[in-house]
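> Have a look; sequence and predicted model below, questions after that.
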Amino acid sequence: MPKKSKLSTPAWILEGFNSEAEYNKKKGIKNKPKAKAGEEFYVKVCPQCRSKDVNVVIGEVGAWECKKCNWKGRSIEEEAVLEEEYFKIIERMEGK
């Protein structure tokens, strides 16, 4: 059985800071700004026609199918969309 790695205490705790943000500010470490909740969603897209109208194939593990071009396979792709477009996609799918 492989040996598990041990968890280590973060440096900001060891050095007595109250938060990671406070530690980063003091040390001059800049973090990438994180997307706010609700701004970006990931949707599955067909790798052949780029349609977002794809579904899981029931009874086949990991298989997907495109309703537009009839592509079927396991190598599905994801695309980031903004919240507004995501809700439009959901409304179109519910309207079917």
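It's in.

> Please name every helix or strand in contact with the longest helix belonging to the chain.
Once the chain is assigned using DSSP state H, the helix that runs over the most residues is helix 83-94. The helices and strands touching helix 83-94, judged by 3 or more Cβ pairs under 8 Å, 6 or more residues apart in numbering; DSSP states H and E, are strand 40-45. Backbone N, C-alpha and C define where each C-beta goes, glycine included.

> what mean pLDDT does the strand it packs on have?
Mean per-residue pLDDT for strand 40-45: 88.

> Report all helices and strands that it contacts.
strand 77-82, helix 83-94.

> I'd like these as TSV, with mean neighbour count and mean pLDDT appended.
Output for these, formatted as TSV (neighbours: other Cβ atoms under 10 Å; pLDDT from 0 to 100):
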stretch	mean neighbour count	mean pLDDT
strand 77-82	13	88
helix 83-94	12	82
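
> I'd like the ones you listed as TSV, with distance to K27 appended.
As requested, those are exported to TSV (distance: least, Cβ to Cβ, whole Å):
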stretch	distance to K27
strand 77-82	31
helix 83-94	34
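
> and of the ones you listed, who's closest to E40?
strand 77-82 (5.3 Å; Cβ to Cβ).

> C66 is in contact with G73, correct?
No. Between G73 and C66 there is no contact under Cβ atoms under 8 Å: 9.0 Å.

> And these two? Which one has more around it.
Neighbour totals were compared for G73 and C66, and C66 leads with 22 against 14 (other Cβ atoms under 10 Å).

> That one contacts C49, doesn't it?
Yes. Contact criterion Cβ under 8 Å: C66 and C49 qualify, at 6.4 Å.

> what's the burial count for G16?
7.

> pLDDT score for it?
91.

> quick one, strands of this protein?
With DSSP state E applied, the chain shows strands at 40-45, 54-56, 64-66, 72-73, 77-82, listed in chain order.

> Which residue lies nearest the spatial centre of the chain?
Y42 (5.6 Å; Cα atoms, centre = their mean).

> residues contacting that residue?
Residues counted as contacts of Y42 (Cβ atoms under 8 Å, 6 or more residues apart in numbering) are 78-81.
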